[in-house]
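Novice: please work out how this folds:
(2 chains)
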Amino acid sequence: MQVNEKIAIDHGLKADEYKRICELLKRTPNLTELGIFSAMWNEHCSYKSSRLHLKKLPTKGNKVIQGPGENAGVIDIKDGDAIVFKIESHNHPSFIEPYQGAATGVGGIMRDVFTMGARPIANLNSIHFGSPQHKKTKNLLRGVVHGIGGYGNCMGVPTIAGQTSFDSSYNGNILVNAMTLGLVKRNKIFYSKAAGLNKPVIYVGSKTGRDGIHGASMASASFDEKIEEKKPTVQVGDPFTEKLLLEACLELMAGDSIISIQDMGAAGLTSSSIEMASKGNLGIELNLDKVPCRESKMTPYEIMLSESQERMLIVLENGKENLAKKIFDKWNLDFAIIGKTTNTKNIELFFKNEKVASIPVNTLVENAPIYDRKWKKSKLPKKNKIKKDILNKFKTKDVLIKILANQNICSKEWIWQQYDHTVMGDTIQKPGGDSGVVRVHGTNKAVAASVDSSAVYCWSHPLTGGKQVVAESWRNLISVGAKPIAITNCLNFGSPENEDNMGEFVECVEGISEASKYLDFPVVSGNVSFYNQTKDVGIKPTPSIGGVGLLEDYKKMVSMDFKENDNLVLVVGKTEGHIDQSLFSRTILDEKNGPPPEVNLFNEKNNGETLLKLINQNYIESAHDVSLGGLLTAISKMCIKGNKGIKLKKPKHSLSDIEYFFGEDQGRYIIEINPMNLNEVTQILEKNSVHYEELGIIIEKEMILYDKTKVVIDELKSINTNWLKNYMS
Amino acid sequence: MKSSVITFPGSNCDRDMDVALKKFGFNNIMVWHNDSELPKSDLVVLPGGFSYGDYLRCGSMASKSKIMQSVINFAKTGGLVMGICNGFQILVETGLVPGVLLRNKYLEFICKNVFVKLNNKDNAYFKNLNKDVLEFHIAHNEGNYFCTNDQLKEIKDNNQIAIYYCNSEGNIDDQYNPNGSIKNIAGIFNKQKNVLGMMPHPERMIDQSLSGEDGSLFFKNLINNIK
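Specialist: Okay, here's the model as predicted:
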């Protein structure tokens, strides 16, 4: 087939991009070459619209061993141990085929982590669905949850935390973001940079089939009515093979045979081989006849673009081929020497004794297009002036009951009970808390992780929203007693070719950058997912932030369940009654305008660090950050989890009860302390200029508001847990 | 005391079991499914996981592994063999214990703490335990125990039911049945009571920081009984 502009456009390339390819090659590419260009130059692989802005993110810090640019980021957790982690999206495949889409998302991110030599120790996910009333939502939710569980459970990696939301902006484009943490010795980290000439290039894992051809291109396009036709581009997962691949790779990695290793993720053999060659400034020669194929008569085009799962590419030291083969034979996995490194700086492909492609590696990577897209700045919306007498009409108890039953506040137990969250025997904080926590096996240390996003705030004002998500991630780690170390981000947005959507992206990134700089909470890995839209309508901007922190002594971990009667409950941080964009405003007043709560980074840092001090001095019995739903929602969750009640004092303020209890001011935590320690605790808070208020005292199974209204905790519990169960049954 | 944990392709609770056995004093060895000789052992454990991906029928491929002939012979000569979760599924596939394990009633994987009531303490596993109700942890997709009426009668006549799902007080009722198992059965013995298959994972309950500590009771008691 003679390649022309039309075929290039069918591959998702723009006319001027095609022109540029011809100029770079000084000739017309053949079909295989065109396929390779389209895979490398699409948004998903090239970051062509986002790269300029991602440069603003802080990526360095004294705990950072590896920032963005590798398969995953790596941070130091002392004693020679390191944590490898990353989050990645699998949105489009999951909408088309929820089970396989979500499953392979989980499989892909775990591969990114064990490619670097780390054994995965925890999975997390952030999943977002359309309105519960939308006809597709229930099936998509069920399929995604089954898919995530199906893969992670089989791998034997606990799923320790996550986030689920419902919003009509995801009706035609759900989000599935999967995150994995792995543990590695810092002197045993593997990288993707190839080195040395004539080193054997090895293919291991599953065979290559026709599944997922052009998956990465699909992820770089928006959905239209022909979406069902795209089913064949969704990959099919095989967690059993991945489990074998994990064990075989770790066994090989224990020795010194590997020069570089790269998993075949998006754009399969194409991107893995090119990335290795590019980073090593080398050429690579592949003999495609040697690639183990699942189907007969596969063409070079198909072999290069297949996204079959559970495959790895390895550059080995010379002479180690037999040793490596033995290990993969033991695990019953394919092993083939398919090529070698060269000094040509070209990627050269051979098939049936013919050279079928030859492309300079730098044209695919360094010369890939970069766009400075047009974008629109957002103004901070004006504050709504909601009259006090309107707010005073609402009874606190009624509002609380509605909020606890809201789909975005309710317990997600139905979901996480389907994930094995205890395998590996180190999960010390299960899903449902502020962060999941796993011990570092065989040590006194533990790692905490949380994943967060606040699309509503980001939609209302992207700059503030970006900051808020980072701050919330930070708070969730602090609340369990972990020192926040670094984050990974999954940036889910609409089309970069739309000025509004691009503006949301640019300003969210700016917000993330500002907060992570201030909090010394650098971004070490991540992924951008654009074109999350149906026809012309983009989703609400949804950056998901995965935060990781360290507990040096896991016995100091704190959880959110109230512990003991007569203990005192305090709120740390100032309550100012910011009600705009709160869950109350949006769902009960049906008021969608107004700015999100302000994020004061000084207070975030100061409040968080002070609370961490209190936790380390064993003053804190339980802690929980205040986020969606505000103060009373947070208190209720602590009551529900601990099976305890609370008697609330009359607060000293001039706010209406609704603003006080359901406002979503940032930088706040609820803490439980023993009354004996009140003086010490308040002294430390005051010394550090941290605002606090006493809220009340813990009692048996009842919440008593200061106006004597009583709420039975068991009732709140069933309201909170039943929504999702009932919805799914 | 010597124990052996068999690793099948796709086993994923083998390490957890190794950690638990060693913690309570066993000298444990990991045994590869493709070996033919079982090391000298006082206890053999088939761990949880997804052997062969559970792609054919849970446990069926693993039950034909090379090592299994030695395990079966060991069991038939009175050796202690314990199968947990996927290990239980493997045991039913070998025929060492009766019945089958179907997909959970609500067709969903389930991971949570459950209570189990001990039914028979006249065996090496539960003898001398001073509690009748234990808090264990389950994590499975196919734990719905089923057998024919004739089999059930035989199991009951021989006192082969090891544990039932129940509540914290030990009441055995359908509402405490997490997966639809017939008669709330969570674990059973062979006729001689030297082979135990059960869905719950005691190895996940061996530390107060984890889901609970009743697994510690179980293992401490087990090693004392074997000594």
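Novice: C-alpha from now on. contacts and neighbour counts both.
Specialist: OK.
Novice: what residues does chain B put near chain A?
Specialist: By C-alpha under 8 Å from any C-alpha of the partner chain, the part of chain B that sits against chain A consists of B:9-10, B:12-13, B:15-16, B:49-50, B:52-53, B:108-112, B:139, B:203-204, B:209-211.
Novice: let me see the contact set for residue A:263.
Specialist: A:111-112, A:115, A:272, A:311-313 (C-alpha atoms under 8 Å, 6 or more residues apart in numbering or on different chains).
Novice: pretty sure residue A:208 contacts residue A:296?
Specialist: No - in this structure, residue A:208 is not within contact of residue A:296 by C-alpha atoms under 8 Å, at 10.3 Å.
Novice: in terms of neighbours, single out the busier of those two.
Specialist: For residue A:208 and residue A:296, the more surrounded residue by other C-alpha atoms under 10 Å in any protein chain shown is residue A:208, and the numbers stand at 24 against 8.
Novice: so what's that one closest to, chain neighbours aside?
Specialist: Computed as C-alpha to C-alpha, 6 or more residues apart in numbering or on different chains, the closest residue to residue A:208 that is not its neighbour in sequence is residue A:293, at 4.5 Å.
Novice: and what of residue B:97?
Specialist: Sequence neighbours aside, residue B:190 is the residue nearest to residue B:97 in space, at 4.9 Å (criterion: C-alpha to C-alpha, 6+ apart).
Novice: run a quick neighbour tally on that neighbour.
Specialist: Close neighbours of residue B:190, defined as other C-alpha under 10 Å, add up to 22.
Novice: for chain B, see how far away the residue of chain A most remote from its centre is.
Specialist: Most distant residue from the mean C-alpha position of chain A: residue A:353, 43.9 Å away (C-alpha atoms, centre = their mean). Plainly put, residue A:353 is 38 Å away from chain B if you go by C-alpha to the nearest C-alpha, to the nearest Å.
Novice: so what touches stretch A:353-373?
Specialist: With contacts defined as C-alpha under 8 Å, 6+ apart, stretch A:353-373 is touched by A:17, A:24-25, A:30, A:32-33, A:37, A:40-41, A:46-52, A:274, A:277-278, A:283, A:300, A:345-350, A:496-497, A:499, A:502.
Novice: are any of these buried, and which?
Specialist: Buried members of these, counted by 16 or more other C-alpha atoms under 10 Å in any protein chain shown: A:17, A:24, A:30, A:32-33, A:37, A:40-41, A:46-50, A:274, A:277-278, A:283, A:300, A:345-350, A:496, A:502.
Novice: about what we covered before: residues touching the residue nearest to residue B:97, list them.
Specialist: B:96-98, B:160, B:196.
Novice: which one of those residues is nearest chain A?
Specialist: Distance to chain A across these (C-alpha to the nearest C-alpha) is lowest for residue B:196, with 21.0 Å.
Novice: that closest one: neighbouring residues, count only.
Specialist: Counted with other C-alpha under 10 Å, residues neighbouring residue B:196 total 27.
Novice: got a list of what it touches?
Specialist: Per C-alpha under 8 Å, 6+ apart, neighbours of residue B:196: B:81-83, B:88, B:97, B:162, B:187-190.
Novice: tabulate the residues you listed (CSV), appending secondary structure.
Specialist: CSV is the format used below for those (DSSP: H, G, I helix; E, B strand; the rest coil):
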residue, secondary structure
B:81, strand
B:82, strand
B:83, strand
B:88, helix
B:97, coil
B:162, strand
B:187, strand
B:188, strand
B:189, strand
B:190, coil
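Novice: out of the residues you listed, which comes closest to residue A:306?
Specialist: Within the contacts of residue B:196, the smallest distance to residue A:306 is 38.4 Å, found for residue B:88 (C-alpha to C-alpha).
Novice: ok, residue A:715 to chain B distance?
Specialist: In terms of C-alpha to the nearest C-alpha, residue A:715 sits 20 Å off from chain B.
Novice: now swap in residue A:613 and tell me
Specialist: Separation of residue A:613 from chain B (C-alpha to the nearest C-alpha) stands at 22 Å.
Novice: element containing that residue?
Specialist: Element membership of residue A:613, judged by DSSP states H and E, is helix A:601-616.
Novice: counting contacts, what elements does that helix pack onto?
Specialist: Secondary-structure packing of helix A:601-616 (3 or more C-alpha pairs under 8 Å, 6 or more residues apart in numbering or on different chains; DSSP states H and E): helix A:462-479, helix A:678-687.
Novice: tell me which of those is the most buried.
Specialist: Mean neighbours per residue, mean count of other C-alpha atoms under 10 Å in any protein chain shown, is largest over the helices and strands packed on helix A:601-616 for helix A:462-479, with a mean of 30.
Novice: what pLDDT, on average, does that helix get?
Specialist: For helix A:462-479, mean pLDDT rounds to 98.
Novice: just checking, what packs against that helix?
Specialist: Identification of packing neighbours for helix A:462-479 by 3+ C-alpha pairs under 8 Å, 6+ apart yields strand A:446-452, helix A:455-460, strand A:483-492, helix A:499-518, strand A:542-551, helix A:601-616, strand A:622-625.
Novice: okay, that helix in CSV with CA atoms only?
Specialist: These are the backbone C-alpha positions of helix A:462-479, laid out as CSV (Å, rounded to 0.1, in the frame of the first residue of the first chain):
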residue,chain,number,x,y,z
PRO,A,462,-8.6,25.3,37.9
LEU,A,463,-5.7,27.1,39.7
THR,A,464,-7.3,26.7,43.1
GLY,A,465,-8.5,23.2,42.3
GLY,A,466,-5.0,22.1,41.3
LYS,A,467,-3.6,23.3,44.6
GLN,A,468,-6.5,21.8,46.6
VAL,A,469,-6.0,18.3,45.3
VAL,A,470,-2.3,18.3,46.3
ALA,A,471,-3.2,19.7,49.7
GLU,A,472,-5.8,17.1,50.2
SER,A,473,-3.4,14.3,49.3
TRP,A,474,-0.9,15.8,51.8
ARG,A,475,-3.6,15.9,54.5
ASN,A,476,-4.7,12.3,53.9
LEU,A,477,-1.1,11.2,54.5
ILE,A,478,-0.7,13.3,57.6
SER,A,479,-4.0,12.0,59.0
